[in-house]
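> heads up, no residue letters with this:
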């Protein structure tokens with residue numbers, strides 16, 4: 001009996017030791033996960049602070065009154081918040097009118113880029129033709145070639161476009177977009193090419209068997225299945241056209257047509273119209289103008305965020 005009791009006691013002791021060891025390992029894993037989680041949180045919070053701190057500062061300062069600006073005790077939250085900066089900015093910019101003009105022009109360019117880039121990308125992905133690799137290499141060169149290197153030829157081309165001088169008109173960007181050499185067009189072709197290559201060829205073969213032609217297959221079947229790429233290119237095109245000042249200045253486009261150009265001259269307009277010479281006060285109006293410019297694009301991105309991220313992942317341009 002004593003032998004049996006000793007064996008049972010030893011077995012119980014072994015179970016307790018094993019349970020204790022398992023508890024220690026579990027506690028070590030939990031502790032390691034907690035430390036790693038805290039480390040990740042600190043890194044993410046630090047990165048978010050670096051990225052968002054200037055934006056938070058601009059939003060806060062745009063509500064500062066003159067007394068808040070000169071009060072050293074006011075840092076982030078205004079003591080006497082005011083909407084005067086936004087009211088004046090909307091009035092000076094003619095915000096509603098110029099925003100509608102800008103979005104209309106940018107949406108037109110976006111639609112043209114979608115149609116042309118998707119057709120070119122589909123052609124590279126599905127058809128074999130002479131000099132295909134060379135021409136696709138030219139597309140890649142379009143992506144990596146700095147625009148500054150071709151700035152003078154572009155300027156002279158549209159300065160002496162036959163008998164016409166197209167500078168100070170919307171035509172240069174429209175013509176470049178129609179011929180798929182506009183802003184970032186090489187990247188859009190690459191995105192569509194990568195996406196169409198990932199679609200199964202059986203879809204097209206089934207469409208051809210049913211009697212669909214080449215253009216019908218592209219427009220009604222392939223382009224519909226490429227909707228994530230369409231969303232990605234749409235957001236990229238709209239945002240980059242909306243924020244563009246390089247082409248607008250090079251082609252001397254009117255500041256009353258594009259909001260990005262209007263913002264660049266906004267400080268001088270405020271200073272001359274309201275006789276404000278203090279740079280610290282002028283900054284408050286500039287912050288309000290920047291916030292009003294960013295707001296429409298931010299809303300568009302929030303609405304299309306899920307489809308946009310999906311399109312970026314499936315088009316193969318991550319990393």
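Arrived safely, thanks for sending. Every value quoted in this text rests on a predicted model; they were computed, and no experiment measured them.
> same question for stretch 209-223: list its buried residues.
In terms of neighbour count (16 or more other Cβ atoms under 10 Å), stretch 209-223 has its buried residues at 212, 217-219, 221-223. For glycine as for every other residue, the C-beta is placed from the backbone atoms N, C-alpha and C.
> which of these has the weakest pLDDT?
Within these, residue 212 has the lowest pLDDT, namely 78.
> now do it against residue 221, distance only.
Distance of residue 212 to residue 221, given as Cβ to Cβ, to the nearest Å: 7 Å.
> again with residue 65
59 Å.
> cool, and residue 120?
Distance, residue 120 to residue 221, by Cβ to Cβ: 18 Å.
> same deal with residue 199?
Look at residue 199 and residue 221: by Cβ to Cβ, they are 9 Å apart.
> before we move on, what about residue 258?
37 Å.
> repeat that for residue 255.
Distance of residue 255 to residue 221, computed by Cβ to Cβ: 44 Å.
> how about residue 212, what does it touch?
Residues in contact with residue 212 (Cβ atoms under 8 Å, 6 or more residues apart in numbering) are 220-221.
> neighbours around the nearest residue to residue 273 once chain neighbours are set aside, how many?
Closest residue in space to residue 273, ignoring its immediate chain neighbours: residue 92 at 6.5 Å, by Cβ to Cβ, 6 or more residues apart in numbering. By the criterion of other Cβ atoms under 10 Å, residue 92 has 16 neighbours.
> residues contacting residue 92?
Applying Cβ under 8 Å, 6+ apart, the residues near residue 92 are 266, 269-270, 273.
> among those residues, which ones are buried?
Taking 16+ other Cβ under 10 Å as the criterion, what is buried in the contacts of residue 92 is 266, 270.
> need the contacts of residue 92 in TSV with distance to residue 28, pLDDT and secondary structure, can you?
Shown next, in TSV, are these (distance: Cβ to Cβ, whole Å; pLDDT from 0 to 100; DSSP: H, G, I helix; E, B strand; the rest coil):
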residue	distance to residue 28	pLDDT	secondary structure
266	59	81	helix
269	64	81	helix
270	62	83	helix
273	68	77	helix
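> mind listing the strands for this protein?
In the chain, no strands are defined using DSSP state E.
> now do residue 150 against residue 157, distance only.
Distance, residue 150 to residue 157, by Cβ to Cβ: 10 Å.
> likewise for residue 58?
Between residue 58 and residue 157 the computed distance is 38 Å (Cβ to Cβ).
> which one's more surrounded, these two?
Taking other Cβ under 10 Å, residue 58 and residue 157 do not tie; residue 58 has more neighbours (17 against 14).
> ok, now which ones touch the closest residue to that one other than its chain neighbours?
Distances taken as Cβ to Cβ, 6+ apart place residue 287 nearest to residue 58, at 4.3 Å, with adjacent residues excluded. Residues in contact with residue 287, defined by Cβ under 8 Å, 6+ apart, are 58-59, 61-62, 85.
> go again with 6 Å.
Neighbouring residues of residue 287 by Cβ atoms under 6 Å, 6 or more residues apart in numbering: 58, 61-62.
> can you get me a residue count around residue 230?
Using other Cβ under 10 Å, residue 230 has 19 other residues around it.
> again with the one 10 residues further on
Applying other Cβ under 10 Å, we find 17 residues neighbouring residue 240.
> likewise for the one 5 residues further on?
Applying the criterion other Cβ under 10 Å, we find 13 residues in the vicinity of residue 245.
> which non-adjacent residue is nearest it?
residue 260 (5.0 Å).
> check the one you found and give its pLDDT.
On pLDDT, residue 260 comes in at 85.
> what does residue 184 give?
Note on residue 184: pLDDT of 86.
> before we move on, what about the one 4 residues further on?
In this prediction, residue 188 carries a pLDDT score of 92.
> how many other residues sit next to residue 122?
Residue 122 is flanked by 24 other residues according to other Cβ under 10 Å.
> contacting residues around it?
196, 218.
> so where's this structure uncertain?
For the chain, the stretches with pLDDT under 70 are 1-21, 23, 307-319.
> spatially central residue in it, please.
Among the residues of the chain, residue 236 comes closest to the average C-alpha position under Cα atoms, centre = their mean, at 5.4 Å.
> do you know how far the closest residue to that one other than its chain neighbours is from residue 239?
Closest residue to residue 236 apart from its sequence neighbours, by Cβ to Cβ, 6+ apart: residue 184 at 6.7 Å. Going from residue 184 to residue 239 by Cβ to Cβ gives 10 Å.
> out of those two, which sits in the busier spot?
The neighbour count for residue 184 versus residue 239, taken as other Cβ under 10 Å, is higher for residue 184 (20 against 16).
> what sits against residue 159?
If you count contacts by Cβ under 6 Å, 6+ apart, residue 159 has them with 165, 167.
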